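Chemist: what's the 3D shape of this:
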Amino acid sequence: MLSKNEYPILEYDDAKTAKLNPDSFKPGKFKTNKMVITFFPEVMKKLITEERLSLDTIIPGENPVEIYRFNDDPGVLITLGQVGCPACAGNLDLFNEMGVNKVMFCGGGGVLDRNIEVGQLLLVEGAIRDEGFSYHYLPPSRVVYTDKGTTGRIAKYLDENNVPYMRGLTWTTDAIFRETSDKIESRKAEGGRIVEMEQAGCIAVACFRGFEYGALIYGGDDLSGEEWSERGWRSREGIRYDLVNLCKKLVYII
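Modeler: Numbers count the residues shown, from 1 in each chain. Here you go, the predicted model:
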């Protein structure tokens with residue numbers, strides 16, 4: 001049922017079906033239920049060069065999506081995420097229809113606190129919903145939270161294997177060029193550690209469809225100072241490569 005509101009983005013409809021649904025595309029089914037979504041194209045290229053990946057599926061369309069599988073573990077798929085909730089989380093909804101119900105996300109984001117070092121891992125506990133996509137999957141709220149059980153299992157694995165990390169919220173925004181000083185301070189004050197563009201949508205899809213989803217994001221560029229600092233975060237190839245391999249293990253325990 002549609003709940004009316006003065007503002008269209010707050011008019012949530014809890015109907016489970018729409019005019020166009022993921023199964024409308026008749027996309028077929030994967031042979032496994034596990035997937036890693038990464039935002040590290042150079043890692044994907046390296047894994048392909050090392051012959052650790054084989055192409056599993058190409059989802060056709062104006063922007064075809066390539067899905068690979070690990071040769072040493074065909075039970076895990078991996079794909080390169082697309083920027084923003086509509087693309088990344090929209091594809092996630094389609095992947096779930098194709099049989100994926102255990103997903104680990106790994107990417108990077110801008111830190112809101114300069115004390116968060118480049119490469120420091122954030123185990124995402126939730127996202128501040130400063131975007132539009134998630135409001136079509138869940139009722140309006142300030143924050144959308146990951147499943148506590150899923151997040152707890154990830155934390156347990158990281159603790160047992162001595163992987164340093166922090167826990168907290170991300171700030172998901174649609175507008176990379178509208179991260180103003182006042183907004184940054186406000187989001188930081190309510191618990192935001194890192195800003196990115198996908199988590200609120202991905203978490204909302206997982207909540208709405210009812211599947212396991214976890215995310216690890218490493219600290220990248222710095223937005224906490226008077227001027228933006230790139231900090232060379234995209235050149236941390238070792239961190240990014242290791243994070244993909246870590247998520248490949250974690251997708252089994254969530």
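
Chemist: Could you check how far the nearest residue to residue 22 once chain neighbours are set aside is from residue 21?
Modeler: Excluding the flanking residues, the one nearest residue 22 by C-beta to C-beta, 6 or more residues apart in numbering is residue 97, at 3.6 Å. Every C-beta, even on glycine, is put in place using the N, C-alpha and C of the backbone. The span separating residue 97 from residue 21 equals 8 Å under the rule C-beta to C-beta, to the nearest Å.

Chemist: Which one's more surrounded, these two?
Modeler: More crowded of residue 97 and residue 21, by other C-beta atoms under 10 Å: residue 97, with 18 against 12.

Chemist: For the more buried one, what are phi and psi?
Modeler: The phi/psi pair for residue 97 (degrees, to the nearest 10) reads phi -60, psi -30.

Chemist: Run through the residues that contact it.
Modeler: By C-beta atoms under 8 Å, 6 or more residues apart in numbering, the contact list for residue 97 reads 21, 22, 23, 27.

Chemist: what's near enough to touch the first one?
Modeler: Remark: with contacts taken as C-beta under 8 Å, 6+ apart, residue 21 is in contact with residue 97.

Chemist: The protein: helices as residue ranges?
Modeler: Shown for the chain, the helices assigned by DSSP state H span residues 41-49, 85-97, 148-160, 181-189, 199-209, 237-250.

Chemist: Could you dump these into a markdown table with distance to residue 123 and mean pLDDT added?
Modeler: Listed next are the helices of the chain as a markdown table, based on distance: least, C-beta to C-beta, whole Å; pLDDT from 0 to 100:
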| stretch | distance to residue 123 | mean pLDDT |
| --- | --- | --- |
| helix 41-49 | 20 | 96 |
| helix 85-97 | 19 | 97 |
| helix 148-160 | 6 | 97 |
| helix 181-189 | 18 | 93 |
| helix 199-209 | 12 | 98 |
| helix 237-250 | 10 | 90 |
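
Chemist: Most tightly packed of those helices?
Modeler: helix 199-209 (a mean of 26; mean count of other C-beta atoms under 10 Å).

Chemist: Tell me what angle that one forms with helix 85-97.
Modeler: With axes from the mean of the first three to the mean of the last three C-alpha atoms, to 10 degrees defining the directions, helix 199-209 sits at 30 degrees from helix 85-97.

Chemist: helices and strands around helix 199-209, which ones?
Modeler: helix 85-97, strand 102-111, strand 121-130, strand 143-145, strand 166-173, strand 212-222 (3 or more C-beta pairs under 8 Å, 6 or more residues apart in numbering; DSSP states H and E).

Chemist: out of those, nearest to residue 72?
Modeler: strand 102-111 (16.9 Å; C-beta to C-beta).

Chemist: How far away from the center of its chain is that closest one?
Modeler: Put simply, strand 102-111 sits 5 Å off its chain's centre (C-alpha atoms, centre = their mean, to the nearest Å).

Chemist: so who does the closest residue to residue 52 other than its chain neighbours touch?
Modeler: Setting aside the residues directly before and after it, residue 52 is nearest to residue 71 in space (C-beta to C-beta, 6+ apart), at 5.7 Å. Counting by C-beta under 8 Å, 6+ apart, residue 71 makes contact with 51, 52, 53, 54.

Chemist: Using PyMOL, define a selection of the buried residues within the residues you listed.
Modeler: Selection of buried members from the contacts of residue 71 for PyMOL, criterion 16 or more other C-beta atoms under 10 Å:
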select buried, resi 52+53
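
Chemist: List the ones among the contacts of residue 71 that fall in strands.
Modeler: Among the contacts of residue 71, the ones falling in strands (DSSP state E) are 53, 54.

Chemist: which one of the contacts of residue 71 is nearest residue 105?
Modeler: Checking the contacts of residue 71 against residue 105 with C-beta to C-beta, the nearest one is residue 53 at 17.7 Å.

Chemist: beta partners for that closest one?
Modeler: Beta-bridge pairing of residue 53 under DSSP bridges involves residue 70.

Chemist: Relative to residue 33, how far out is the nearest residue to residue 84 once chain neighbours are set aside?
Modeler: In this structure, residue 84 finds its nearest non-sequential neighbour in residue 197, 5.2 Å apart by C-beta to C-beta, 6+ apart. Residue 197 sits 26 Å away from residue 33, going by C-beta to C-beta.
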